[in-house]
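**Student:** using only what follows, build the 3D model:
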Amino acid sequence: MELTDKFSWRRVWMLWRLYLPSLRKQLWAFPLVSLCISLAAVWVLLISPKITPANFTITIGISLMYYFAPIVLARRDYHVVSDQLPVLTSEKMVFLAIYFMFVTMVLTTGVQTLIFGLSSLVFSTFAHQMEDIYGMAMSIYPNKWVLLMSNFMGMALPSLTLMGVVLAKRNRILMGVVCCVAAYLAICTISGVMGGVMAMIEVKDVIADPDIAQNIGAQSEFVMQTMANVIKVVVVVVTVISLAIMATSWMLIYKKLKRGGF
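**Tutor:** I've put the predicted structure just below:
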């Protein structure tokens, strides 16, 4: 195939055909595992109507599949093959972005969303639980757009895994996992410290008031509103950090692809 300076979807399709044998396992395993985990989560919520974080612990497996999907590119021969392919850097970027940002999202969290949606139609109890969860989320997030933006953290993590795999010369799987986990821990630490400091500043005057010490119940609404405001600020900051991580990781991936393959 002749290489030109014009972007070609045909060459993107060629990349897909080339890597399909390795991606095929994800194409059937991801939705199957996501289906089983989602059904298990629905069952847990139905038998335990009280909504707690523990009810959703099982769904972490779905997120982990999405976050670590790029390690499939860690095969040694992929770097040589990718380097010699008659494709533009932009075409490689489009292939990687479409598959690891969107296709794998559909295969994992997309299946989870579908199962939860269908379960809400079948089980009224589950539908009420989902409404309660959405209400809890909207009591923390200032609006739907901020709630949507909070998902950028989820997209930043597979970007870092992909960056680690693409940039590493050795131990590519390990580097991908380390980049993802280290960024997640850093974001959690930053948001935790920031939220704790802001909470102390916001409520210190209330805590110091002797009347509140005797009648804390009357001030509970104020305390809850204060904590909600703190969480809103933390979410916005985490979203900005996640966007910066995505931009940086994809910029580094682009520079690497211009020098060679992945």
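
**Student:** only C-alpha atoms for contact and neighbour calcs from this point on.
**Tutor:** Noted.

**Student:** low-scoring pLDDT stretches of the protein, where are they?
**Tutor:** 1-4, 49, 51-56, 76-80, 137-147, 202-228 (pLDDT under 70).

**Student:** for residue 245, see how far away the residue nearest to the spatial centre of it is.
**Tutor:** Nearest residue to the geometric centre of the chain (C-alpha atoms, centre = their mean): residue 154, 1.4 Å. Per C-alpha to C-alpha, to the nearest Å, residue 154 is found 11 Å from residue 245.

**Student:** could you say which helix or strand holds the residue nearest to the centre of the chain?
**Tutor:** helix 152-167 (DSSP states H and E).

**Student:** skipping its backbone neighbours, what lies nearest residue 92 in space?
**Tutor:** Nearest non-adjacent residue to residue 92, counting by C-alpha to C-alpha, 6 or more residues apart in numbering: residue 12, 7.0 Å away.

**Student:** residue 29: how many residues sit nearby?
**Tutor:** Residues lying near residue 29 (other C-alpha atoms under 10 Å) number 14.

**Student:** check which helix or strand it maps to.
**Tutor:** Using DSSP H and E, residue 29 falls in helix 9-47.

**Student:** correct me, but residue 252 touches residue 163?
**Tutor:** Yes. With contact defined as C-alpha atoms under 8 Å, residue 252 counts as touching residue 163 (7.2 Å).

**Student:** looking at those two, which is more packed in?
**Tutor:** Ranked by neighbour count (other C-alpha under 10 Å), residue 252 and residue 163 place residue 163 first, with 27 against 16.

**Student:** show me what contacts the more buried one?
**Tutor:** With contact set as C-alpha atoms under 8 Å, 6 or more residues apart in numbering, residue 163 has these partners: 176, 179, 249, 250, 252, 253.

**Student:** any idea how far residue 251 is from it?
**Tutor:** 9 Å.

**Student:** one more: residue 174?
**Tutor:** Applying C-alpha to C-alpha, the value for residue 174 to residue 251 is 21 Å.

**Student:** hmm, back to that, what is the next helix or strand after the helix holding residue 154 packed up against?
**Tutor:** Per DSSP H and E, the first helix or strand lying C-terminal to helix 152-167 is helix 172-208. Contact here means 3 or more C-alpha pairs under 8 Å, 6 or more residues apart in numbering; DSSP states H and E; on that basis helix 172-208 packs against helix 60-68, helix 152-167, helix 220-259.

**Student:** for the ones you listed, which one sits closest to residue 47?
**Tutor:** The closest of these to residue 47 is helix 60-68. By C-alpha to C-alpha, the value is 19.6 Å.

**Student:** now the phi/psi pair for residue 6, please.
**Tutor:** phi -90, psi 130 (degrees, to the nearest 10).

**Student:** number of residues surrounding it?
**Tutor:** The burial count assigned to residue 6 is 9, neighbours taken as other C-alpha under 10 Å.

**Student:** ok, residue 136 next?
**Tutor:** Residues lying near residue 136 (other C-alpha under 10 Å) number 11.

**Student:** which SSE is it in?
**Tutor:** Following DSSP H and E, one finds residue 136 within helix 124-140.

**Student:** next, the buried residues of that helix.
**Tutor:** For helix 124-140, a neighbour-count test (16 or more other C-alpha atoms under 10 Å) marks 126, 127, 129, 130, 140 as buried.

**Student:** ok now it, how far from the chain's centre?
**Tutor:** Distance of helix 124-140 from its chain centroid, counting by C-alpha atoms, centre = their mean, to the nearest Å, is 21 Å.

**Student:** so it versus helix 9-47, what angle?
**Tutor:** With axes from the mean of the first three to the mean of the last three C-alpha atoms, to 10 degrees defining the directions, helix 124-140 sits at 110 degrees from helix 9-47.

**Student:** for helix 124-140, name the packing helices and strands.
**Tutor:** Using 3+ C-alpha pairs under 8 Å, 6+ apart, helix 124-140 is in contact with helix 9-47, helix 111-122, helix 144-149, helix 220-259.
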